[in-house]
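I need the structure of the sequence given here:
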Amino acid sequence: MPAKSVLILSNDRFLPTSKTSEMLAAACRRLGIPVLVRDGADARYLGALLEQVDNTAYTEEAAAIIKTKFQGLILAFEVDTVLSLDVQWLFVPGLFTENPEIQNIHSLWFDDMRSWARANYMFAGCREQFQDHVRHPKVSHYFYGRGLAEEGKLLGMESSHLSYLAAPHDYLQLNHPCEIRDKVAFIGNPGFREPPPTLLMNAMRDGAEIDELRKLSGDILVHSQFTKKDEWLREEPTVQEFLQVAIQARVQFPYRAALEILQLAAEHYPKAFDYLNRRGEILDATMLVKLVNRCDRPAVILRLYRQGLADIYSNEQEWVPYEVKALPSILIPQLPRYYQKYAVHLNAANALRDATANEKLFEIAACGRVSLNLHSPDVAACYGPQEVGLANSLAELESQARALLSHPEQAMAMGKRARVRTAREHLWEHRLKVILGA
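Okay, here's the model as predicted:
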């Protein structure tokens, strides 16, 4: 049944979350669906403050006040559907799952579950009943990559769907001048924010290929030591071989879901899997497997930057470990202008997500510009080689960059085709028509 009125829950502590929440609201309006956007950060901070006081009565009273506030909104605006990125709707136990007015709750996952849970506060009852909430019959989950979707299913989210990200309709109307045609641009951070091991950094400096970097990263992960891993091996020695097999499999199949690989390895190392599962640390092991791909983004950027072919926009400190001097960060309202300022962009996935068709892929295309990407199933499912660059190696990606910088008219033609494809298939309205039954 189509949504009657939608409440979008955002978290203004994270600007990218607010940005995309507003884009979702604009898409709802274009579809003729009444929509409200509300921030949940204040409720989260209140819960965190009360937990420090350690008074259960205060916490319960605060939860009741928050429920009353949202119940007023739900009744006044006849809200029957809740929508948010990740699970920003989950901060007070039962706030929406137990509300009879709410028929559907939709989570559009930008993050992986482990990272989201570590970065967002929830009232104690939500933490204790987290699995019950995300598996509730009212709740549907949407993942922007095949690997992420597989991970969601393996974590017990039965109502899981593959739903790629998208671009706002407004970007199709913008036509800022293309000023820079002799360099490619990259806008963003390195992804996984810990400094690279010296061996990996040296290999990137020496021009190692992406498959070599993944293998080296895997070897480092297998032999690395840290407190939690040392504890695992002390208590269950088979964890070492279990992780080694999983990491080697990820090197061979870099786009298979890390959790799926662990499940397959568990057939041969059941004691190790059960041990990590019982401890509630299977997602920590999953992150280790994902880090096989930790160089995918930095290696793409470093390859072209070291040859003077790329401008990098980010917080300067983010790229210092990679010996990259970044230009100042670009504020969100300025993004489209910078997308259109360059004829060619670099795009690369965050290693912590088992998904590669990130939001920038669609936004760059909506602005009529071409992006260069490492070939992956997710990106290839959204755009073809006449619309974006799809490279199977760093050398091929560099070759594509040089060719497009030498022939900017070809780059602009590819960007135009990508824009047409985006207008036809990859706007937020397209995604919400399916999700909301509009």
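
CA atoms for contacts and neighbours, from now on please.
Noted.

Show me where this structure has its strands.
6-10, 35-39, 81-85, 104-109, 139-143, 160-162, 184-187, 310-313, 344-346, 370-374, 389-391 (DSSP state E).

how about these in CSV, adding mean neighbour count?
Below are the strands of the chain laid out as CSV (neighbours: other C-alpha atoms under 10 Å):
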stretch, mean neighbour count
strand 6-10, 25
strand 35-39, 18
strand 81-85, 24
strand 104-109, 22
strand 139-143, 23
strand 160-162, 19
strand 184-187, 24
strand 310-313, 21
strand 344-346, 28
strand 370-374, 27
strand 389-391, 22
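
Adding distance to residue 422 and mean pLDDT, write these out as TSV.
Below are those laid out as TSV (distance: least, C-alpha to C-alpha, whole Å; pLDDT from 0 to 100):
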stretch	distance to residue 422	mean pLDDT
strand 6-10	24	97
strand 35-39	24	95
strand 81-85	21	97
strand 104-109	19	97
strand 139-143	19	96
strand 160-162	18	94
strand 184-187	20	98
strand 310-313	24	98
strand 344-346	16	98
strand 370-374	12	98
strand 389-391	15	98
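
So for residue 61, which of those sits nearest?
Minimum separation from residue 61 across the strands of the chain (C-alpha to C-alpha) falls at strand 35-39, 19.8 Å.

if we can go back for a sec, for the strands of the chain, which one sits closest to residue 268?
Of the strands of the chain, nearest to residue 268 by C-alpha to C-alpha is strand 160-162, at 27.6 Å.

now for that closest one, which elements pack on it?
Under the contact definition 3 or more C-alpha pairs under 8 Å, 6 or more residues apart in numbering; DSSP states H and E, strand 160-162 sits against strand 139-143, helix 146-154.

Run through who's touching the longest helix that the chain contains.
For the chain, the helix with the greatest residue count under DSSP state H is helix 56-76. For helix 56-76, the surrounding residues in contact (C-alpha atoms under 8 Å, 6 or more residues apart in numbering) are 43, 46-47, 50-51, 79-80, 92, 95, 101.

what do you get if the cut-off is 7 Å, keeping everything else the same?
Helix 56-76 is contacted by residues 47, 50, 92, 95 when judged by C-alpha atoms under 7 Å, 6 or more residues apart in numbering.

For the strands of the chain, give me a markdown table that also has distance to residue 429.
Formatted as a markdown table, the strands of the chain follow (distance: least, C-alpha to C-alpha, whole Å):
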| stretch | distance to residue 429 |
| --- | --- |
| strand 6-10 | 14 |
| strand 35-39 | 14 |
| strand 81-85 | 14 |
| strand 104-109 | 14 |
| strand 139-143 | 15 |
| strand 160-162 | 16 |
| strand 184-187 | 25 |
| strand 310-313 | 29 |
| strand 344-346 | 25 |
| strand 370-374 | 22 |
| strand 389-391 | 25 |
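
re earlier: in CSV, list the helices and strands packed on strand 160-162 along with distance to residue 404.
Shown next, in CSV, are those (distance: least, C-alpha to C-alpha, whole Å):
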stretch, distance to residue 404
strand 139-143, 32
helix 146-154, 30
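
Would you check that residue 364 makes contact with residue 339?
Yes. At 5.9 Å, residue 364 counts as touching residue 339 under the criterion of C-alpha atoms under 7 Å.

returning to that earlier point: show me the two of the contacts of helix 56-76 that sit farthest apart.
By the measure C-alpha to C-alpha, 50 and 95 form the most distant pair in the contacts of helix 56-76, at 17.9 Å.

State the distance from residue 334 to residue 56.
Residue 334 is 45 Å from residue 56, where distance means C-alpha to C-alpha, to the nearest Å.

Next: residue 325.
Counting by C-alpha to C-alpha, the gap from residue 325 to residue 56 is 50 Å.

Looking only at neighbour counts, state which of the two leads.
Comparing residue 325 with residue 56 by other C-alpha atoms under 10 Å, the one with more neighbours is residue 325, at 18 against 12.

Assess the claim that the more buried one and residue 316 are in contact.
Yes. Between residue 325 and residue 316 there is a contact at 6.3 Å, judged by C-alpha under 7 Å.

give the contact list for the closest residue to residue 372 other than its chain neighbours.
Excluding the flanking residues, the one nearest residue 372 by C-alpha to C-alpha, 6 or more residues apart in numbering is residue 389, at 4.3 Å. For residue 389, the contacting residues are 371-373, by C-alpha under 7 Å, 6+ apart.

Adding distance to residue 243 as columns, could you present these in a markdown table?
Listed next are those as a markdown table, based on distance: C-alpha to C-alpha, whole Å:
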| residue | distance to residue 243 |
| --- | --- |
| 371 | 35 |
| 372 | 32 |
| 373 | 29 |
